[in-house]
Structure formats: structure tokens, C-alpha cells
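Peer 1: can you look at this prediction? I've put the sequence above it.
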Amino acid sequence: MECLVGFVPAAATAIGRPLLTPVAKRKKRCGLRAKLNDKDDPLLQAAITGSFLRFQETHRPEPLLVDPYAGCFVPPNIPMDVKHHTNHYCLATKFIDDKLLSTMNNIDGLKQVVLLTDGMDTRPYRLNWPTSTIIFDISPERVFKRAAQKLEDVGAKVPRSCLFLHVPLESSDLQHDLRRKGFNGNRPSIWNFQGLPVTALASFKEILFVVSSLAMKGCLLLGEFPTSLAETEVGIMSDTKIWMDKLFMSNGFRVEVIDYDEVAKNLSKERASGEYKNVLFVAEHLRFSDDQMETWRKEFQRVEEEGDEEGFEEL
């Protein structure tokens, strides 16, 4: 899954430079490391941008959502505009929050949540998950580690009786690693795709393949699809919906596109104007998981063997 990351650091170039003292060398190395980890890291910057939008929404007079931990990712003294209309991202975040919890509370046995994120998703800490929920986070390793340390520093904790597990996006086999961490394809699950750095359609198809292989029939995948991946003319939503329907159906999902304006209306909010480069969606999985198929194959084999034994005894 390394191709999902989409950002490859430029190769180092050897250039002449003055000789440095040991102290100067240490300072130089520290400065370069800080620079590469912050402004020059597009994955980190994208995650911080999402955190800032949640932080800003939290401090509005009547916030759509409250994220008490987003502030630990935001640089100090950053200017905010808390009077603006609610942006698309926060509308989507609120919709996803509510859909995750309502679905889990209404389906018996649904205890597995898979979050495909930018590494700074605070849902494991700020949502009121049902008892015994297992939360899997798939995100860039370096961003997740940085975020985990900051969350630990501010005392963030997942709800009691819940389990939070991280699987690096850079994994060469996400299916294997999810199973190794305890994911069970014979049990219901719900999946959220928001913020995961995918820059190629082939990479998104890989994600759909992973979900389709692991999720039971009837499970949901919801989130925001980047319109930059759509092979349609930019700005024509009807064409994008048709294209998405074909894409998801070919991978075993029936997809519904959710209108941001409708979400805003249902929440009694006004959506901010301007173009947005994502499409909000909810997709239902129509196929059986690999684990379901294997379980039924074994059961069918057992019934056949028992039938052969009974027939042999009658003879």
C-alpha cells in the first residue's frame, strides 16, 4: 500500500558547504529535521489544516461540533474567523460522527470501526463509543506518531472498555495487518474514509478492494471522496455521481452521494460558499467478506463429509 501515500521526498543532493563545529553541526541537523517534519511535509500540513478547521469550529458561538483535542495540533497564536458560515469539511465531519454512532447503536454486534484518516483524527478520543468498541486507525505512520504524542501530552484517552489500534498506511499488506491486530471479517464493521492521503485512482481502488475483502455484507463505508480522482469533467456533479456509482458498484458497493447543502439544512446551519474538492458519500457493501466465504466453504465441506459418512453406513 506504499503507493497510497502519494508523496515521495526528493532525493538528497550533495552540495559544498563550509566545515561546521560539532555544536554547529547538531544545530544544523536539528533545524533541518524540524523543517522537514513541518512545513516541508505535505501529509503533516494537510492533517494540521483539518485539525485547525475543527479547532475553529469548536470556538464558534454555536459550534456544529466540539473537538477538545484539535487545538494541540494547531500552531499557537494562529488567527481565527469564528463568524464565518460552516465549511464543507466540518459539515462532513459532523455527518460522519453522527452516522458512525447511530449505526453502531442500532446494529447488534457492531463493535469494529475502521478509520482511514490523515493521522490526526480525534474521533477515537472525543466520540462516545459503545462499550467494547475496537477502533482501528489506518493513517501515515509519521503523522500518527506525532499526533499520538501530543494527545498523550494533553491527557487524551479513549473511552473505557474500548480498544484503539493503529495500522500504518505504509503497510505492504493492510488486510494481513488488520487481521493480525484482531479484525474479524465474520463480524460487522463500519468504515470511514476521511483525510487519508490518496492521490491516484488506482490507490483508492486498492482501498475499496481491502474494504470489500474484509467487510461483511451490509457493512457501511462512508466519508469524503476526492473529486480530483474522478474521471469526469470537473464541476459537473451529475457526471461525477454516475461515475462514482459505476466505480463503487464494480467493487461491490451501492453508493449514495450526500448533498452538503442538505446536511447543512438538517443541522440548521448555513454552508460556506466556494468550491469544495470532495464528495460526501455513504456506501453499502453488497458482497460477502473473504472470512464469510471461508466459513461457509468449511461448513459446506463439513455437511458434505457428514452426508458421505451417513450414506456409507446405510450401505
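Peer 2: Alright, I've got the coordinates.
Peer 1: next, the contact list for the residue nearest the centre of the chain, please.
Peer 2: The centre of the chain sits closest to L116, judged by C-alpha atoms, centre = their mean, with a distance of 1.9 Å. Residues near L116 by C-beta atoms under 8 Å, 6 or more residues apart in numbering: I138, S139, W191, N192, F193, Q194, G195, L196, I207, G223. Backbone N, C-alpha and C define where each C-beta goes, glycine included.
Peer 1: repeat the analysis, applying 10 Å as the threshold.
Peer 2: 4, 136-139, 167, 169, 174, 191-198, 207, 210-211, 221, 223 (C-beta atoms under 10 Å, 6 or more residues apart in numbering).
Peer 1: same deal with L247?
Peer 2: L201, F204, K205, L208, F225, L229, A230, E231, F253, V255.
Peer 1: so which one among these has the lowest pLDDT?
Peer 2: In terms of pLDDT, the least confident member of those is E231, at 79.
Peer 1: so who does that residue touch?
Peer 2: If you count contacts by C-beta under 10 Å, 6+ apart, then E231 has L201, D239, T240, W243, K246, L247 around it.
Peer 1: gap between the spatially closest residue to I48 that is not a sequence neighbour and K157?
Peer 2: Computed as C-beta to C-beta, 6 or more residues apart in numbering, the closest residue to I48 that is not its neighbour in sequence is F73, at 5.6 Å. Computed as C-beta to C-beta, to the nearest Å, the F73 to K157 distance reads 17 Å.
Peer 1: which one of the two is surrounded by more residues?
Peer 2: Higher neighbour count among F73 and K157: F73, with 24 against 11, using other C-beta atoms under 10 Å.
Peer 1: which residues are in contact with the more buried one?
Peer 2: 44, 47-52, 54-55, 67, 119-120, 122, 143, 146-147, 150-151.
Peer 1: could you do V114 as well?
Peer 2: V114 sits next to 134-138, 165, 167, 174, 178, 183, 189-193, 210-211, 214-215, 219, 221 when contact means C-beta under 10 Å, 6+ apart.
Peer 1: good, we can wrap up now.
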